[in-house]
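**Q** The following block contains a protein sequence and its predicted model.
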Amino acid sequence: GAVVSQHPSWVICKSGTSVKIECRSLDFQATTMFWYRQFPKQSLMLMATSNEGSKATYEQGVEKDKFLINHASLTLSTLTVTSAHPEDSSFYICSASGQTGELFFGEGSRLTVL
Amino acid sequence: DAKTTQPTSMDCAEGRAANLPCNHSTISGNEYVYWYRQIHSQGPQYIIHGLKNNETNEMASLIITEDRKSSTLILPHATLRDTAVYYCIVRVATIRDMRFGAGTRLTVKP
């Protein structure tokens, strides 16, 4: 099946720094990728839709200036958490749509902000 | 997308079939039923999806009632590695995003 890869799988950073997470579709082209956030013992929450070659679409309540999304190619989307704070610590997951409509998810990236 | 209702948690004995129900009484004609699962600290894994016919693959079977208002995911011989949160999602196939509910936490016990 289609594979979506995220990097890094975990990252620890100091408060105030920025962190970039990459999401790649390894064996298919994805014009659209999605970014989710998951806090402990909660479900996945859609943050934004990443469109190749255009601006991302953010869900209500998600700050676009804090969570910068870039989708420069058909196989790569990046999420940058700017000026990270401890409350941004979470599990970030990306996904991309395959040909038949099912969504394939990355392994997730766990961010810890000290 | 139509709303789904799933039990919060279920237990299953190892080697037995695990039957996970999902209610989607407001499903519309062009919405599919998708099932994903999430093992702890991993990204969700696609299991199966269907429109109105029952479906089977190497992982599971999906039984959809004739009125399409509910469905059941069947793991025929549950193993300890099937312990996970299982999400039932209803969505139009052409809409590419996917919204997750709370899911069912399945615990397979030896």
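**A** Looks like it arrived, so ask away.
**Q** ok, now which ones touch the residue nearest the centre of chain B?
**A** By Cα atoms, centre = their mean, chain B has its centre lying nearest to residue B:35, at 3.6 Å. By Cβ atoms under 8 Å, 6 or more residues apart in numbering or on different chains, the residues touching residue B:35 are B:20, B:22, B:47-49, B:60, B:62, B:73, B:86-89. Quick note: C-beta positions are derived from backbone N, CA and C, even for glycine.
**Q** tally of neighbours for residue 9?
**A** Answering for chain A, as no chain was given. By other Cβ atoms under 10 Å in any protein chain shown, 14 other residues sit near residue A:9.
**Q** That was the other one, I meant chain B.
**A** 11.
**Q** So in terms of bridging, what pairs with the closest residue in space to it that isn't next to it in sequence?
**A** Leaving aside its chain neighbours, residue B:9 sits nearest to residue B:105 (4.4 Å; criterion: Cβ to Cβ, 6 or more residues apart in numbering or on different chains). Following DSSP bridges, residue B:105 is listed with bridge partners residue B:9, residue B:85.
**Q** same thing with residue B:63?
**A** residue B:72.
**Q** That one and residue A:65, how far apart?
**A** 46 Å (Cβ to Cβ, to the nearest Å).
**Q** can you check residue A:8 too?
**A** Taking Cβ to Cβ, one finds residue A:8 at 23 Å from residue A:65.
**Q** neighbour count winner among those two?
**A** Remark: of residue A:8 and residue A:65, residue A:8 carries more neighbours, 13 against 8, as counted by other Cβ under 10 Å.
**Q** Can you give me the pLDDT of the residue lying closest to the more buried one once chain neighbours are set aside?
**A** Once flanking residues are discounted, residue A:8 sits nearest to residue A:109: 6.0 Å by Cβ to Cβ, 6+ apart. Per-residue pLDDT puts residue A:109 at 97.
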